[in-house]
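**Student:** quick one: sequence and predicted model below, then my questions.
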Amino acid sequence: MRETAQDHGSRTRETAEQDRLRLAVIIGSTRNGRFGPTVAGWFAARARRRGDLVIDLIDLAETGLPQTLVDHDDPVPARVRELAARLAAADAFVVVTPEYNRSFPAPLKTAIDWYCEEWRAKPVAFVAYGRDSGGLHAVGQLCQVFTELDAVAVRDAVLLPRYWELFAADGSWPKAAADCNAAATVTLDRLSWWARALRDARARHAYPV
């Protein structure tokens, strides 16, 4: 049977949809008055403009993960299993984090430690905000943590020093001319490259453990 133009178009759209990358954007702060949702919303909006990414915005303040980890032989809590499915489906991650006392929030470390296979052989990029360092110290520590979990920490990060100074006159954030807009583009480009390369590699060969 000869393929119609409509059939061909459907297959093309299906292939394009399957080729899109699933990007999980994780809000790492859970404290009252946090700025994380604003930063994550901005970054996720820029990511959606690309058309080659499907965004899953994960707010740790809403996931309800237990603060105490269980033993290997103990049952995994339901909330942990629910988030595991979302992380496993992701091809790449962006962690949005503040910097507290030269490090990142404790709830973020707990969330990372609940999982292992979900991070493995996938790229992770970082968007950090803070005072003068812009979150640089937090990102440095997170790179070490994710490397230990066999994830690939992308070198290019979006750093937001004195982020409160980036409000526009109309109250929007960030200013159109802010450096972070260009930095976000570079980070997304390189994260997407790694995501495709590692997705293809995982499909061809199981990661050795």
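**Tutor:** Arrived safely. Numbering: from 1, shown residues only.
**Student:** pick out the residue nearest the middle of the protein.
**Tutor:** Val94 (1.9 Å; Cα atoms, centre = their mean).
**Student:** shouldn't it be within a helix?
**Tutor:** No: going by DSSP: H, G, I helix; E, B strand; the rest coil, the assignment for Val94 is strand, not a helix.
**Student:** that one contacts Pro123, correct?
**Tutor:** No: using Cβ atoms under 8 Å as the test, Val94 is too far from Pro123 to be in contact (9.5 Å). Quick note: C-beta positions are derived from backbone N, CA and C, even for glycine.
**Student:** so what sits against both of those two?
**Tutor:** Leu191 (Cβ atoms under 8 Å, 6 or more residues apart in numbering).
**Student:** list the residues that contact the residue nearest to the centre of the chain.
**Tutor:** Counting by Cβ under 8 Å, 6+ apart, Val94 has contacts Leu23, Ala24, Val25, Ile26, Phe43, Ala47, Val124, Ala125, Phe126, Val127, Thr187, Leu191.
**Student:** 7 Å instead?
**Tutor:** Leu23, Val25, Ile26, Phe43, Ala125, Val127 (Cβ atoms under 7 Å, 6 or more residues apart in numbering).
**Student:** of those residues, which belong to strands?
**Tutor:** If you go by DSSP state E, the contacts of Val94 have Leu23, Val25, Ile26, Ala125, Val127 in strands.
**Student:** burial measure for the second one, as a count.
**Tutor:** It refers to Val25. Number of residues near Val25 (other Cβ atoms under 10 Å) recorded here: 24.
**Student:** for beta bridges, what are the partners of it?
**Tutor:** Beta-bridge pairing of Val25 under DSSP bridges involves Leu57, Val94.
**Student:** quick check: closest non-adjacent residue to Leu188.
**Tutor:** The shortest distance from Leu188 to any non-neighbouring residue, by Cβ to Cβ, 6 or more residues apart in numbering, is to Ala47 (5.9 Å).
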